[in-house]
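> This is a predicted model, with the sequence first.
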Amino acid sequence: MAEPVLRLAALVREFGGGAGLHGVDLDVRAGEVHALVGLNGAGKTTLMRTALGMLRPDAGEVRVHGTRLPAATASTWRRVGHLVDAPFAYPELDVRTNLRLAARLHGLAPDEARRRTDAIVAELELTPYASVRARRLSAGNRQRVGIAAALQHDPGLVVLDEPTNALDPRGVILLREALVRRAEAGAGILVSSHHLDEVARIADRITVMNDGRVVGALEPGGTDLERAFFALVLADDEERAS
Ligand SMILES: Nc1ncnc2c1ncn2[C@@H]1O[C@H](COP(=O)(O)OP(=O)(O)OP(=O)(O)O)[C@@H](O)[C@H]1O
């Protein structure tokens, strides 16, 4: 089987007071949407930050496109798109300029950057805002710009932390379609969410985290995902309390 685009093995990243990741195994394969769900504080953002080299693990390993961190070079990171934490944009630059800069930082030549930026602006329905300075955008449109920057260079690995944050219903649909399209084209996508119904619509796999551990999986086509989710979390809490 092909090497996953992301592989986490026995990953540990501990903060004080027992918080953090306590031995996580997880992979993302090319062509799949892999959703990560868990209660507030379960460790989803920490997992993503560690996977992206933003946090150094205490133990275990991260492989991005087959390269073990921290050995990944610029050519590896150019094949990754991510939105974790607040979307970044230079406040005084307009949307199109911000996106072109992001495309250039991902290694695209100027003409190609221009072409991709125009395409993603249309795809995410940002055309009315293309000439608006980032500082004047609404939270939802700023989020769309962050998603655009993560997707426009067609990365083979996409990592998005709660990307539906601040999106309106139209934005949620556009995001869903954009992710499905990219997965169908071969990208591996790791996405966290608190919206189980939304996740179930697009995910090929749903992994449940609790207290820094992977505690099970949900069947995307299953019924009553909410009940199954809470059952897994409760079972884990009880097992560790006993
Ligand atoms: N830099 C840090 N220093 C100390 N503790 C941290 C740090 N970052 C995260 N934590 C703790 O690690 C745990 C996991 O946090 P994390 O942000 O990964 O959870 P999450 O699943 O993304 O939560 P949410 O759904 O609320 O976004 C929490 O208890 C959090 O307080």
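Looks like it arrived, so ask away. Numbering: from 1, shown residues only.

> Confidence-wise, which helix or strand of this protein is lowest on average?
helix 196-202 (a mean of 90; mean pLDDT, DSSP states H and E).

> Whether it contacts the ligand - can you check?
No - applying CB under 6 Å from any ligand atom, one finds helix 196-202 out of contact with the ligand, separated by at least 13.1 Å. (C-beta placed from N, C-alpha, C; glycine too.)

> Could you pull up phi and psi at residue 5?
Note on residue 5: backbone dihedrals following degrees, to the nearest 10 are phi -70, psi -20.

> List the beta-bridge partners for the nearest residue in space to it that is not next to it in sequence.
Closest residue to residue 5 apart from its sequence neighbours, by CB to CB, 6 or more residues apart in numbering: residue 188 at 3.8 Å. Counting by DSSP bridges, residue 188 forms beta bridges with residue 157.

> now what about the least confident helix or strand of the chain, what contacts it?
Outside helix 196-202, the residues within contact range by CB atoms under 8 Å, 6 or more residues apart in numbering are 33, 35, 37, 164, 172, 176, 179-180, 183, 191, 193, 206, 218, 220-222, 225-226, 229.

> Mind doing that once more with 7 Å?
The contact list for helix 196-202 (CB atoms under 7 Å, 6 or more residues apart in numbering) reads 33, 35, 37, 164, 172, 176, 179-180, 193, 206, 220, 225-226, 229.

> can you pull out the strands in this structure?
Ranges of strands in the chain, per DSSP state E, are 6-14, 20-28, 33-38, 59-64, 67-68, 80-83, 157-161, 188-192, 205-210, 213-218.

> Could you pull up the residues touching the residue nearest to residue 5?
By CB under 7 Å, 6+ apart, the residues touching residue 188 are 4-6, 28-32, 156-157.

> biggest separation within those residues, which pair?
6 and 31 (12.8 Å; CB to CB).

> And the two? Which one has more around it.
Using other CB atoms under 10 Å, the more surrounded residue of residue 6 and residue 31 is residue 6, with 27 against 17.

> Report the separation between that one and residue 87.
To residue 87, residue 6 is 21 Å away according to CB to CB, to the nearest Å.

> Also residue 76?
Distance, residue 76 to residue 87, by CB to CB: 22 Å.

> cool, residue 224 as well?
Taken as CB to CB, the span from residue 224 to residue 87 is 33 Å.

> likewise residue 150?
9 Å.

> re the thing from before, just tell me which of the strands of the chain ends up closest to residue 136.
strand 80-83 (20.1 Å).

> Parallel or antiparallel, list what pairs with that closest one.
Applying DSSP bridges, one finds strand 80-83 paired with strand 157-161 (parallel).

> neighbours around residue 233, how many?
Residues contacting residue 233 under the criterion other CB under 10 Å number 20.

> wait, doesn't it sit right on residue 213?
No - counting by CB atoms under 7 Å, no contact exists between residue 233 and residue 213, whose distance comes to 10.8 Å.

> so how far is stretch 76-90 from its chain's centroid?
Remark: stretch 76-90 is offset 9 Å from the chain centroid, using CA atoms, centre = their mean, to the nearest Å.

> now stretch 6-18
The answer for stretch 6-18 is 17 Å, by CA atoms, centre = their mean.

> go on, stretch 87-99?
20 Å.

> Please apply the same query to stretch 127-137.
Remark: stretch 127-137 is offset 24 Å from the chain centroid, using CA atoms, centre = their mean.
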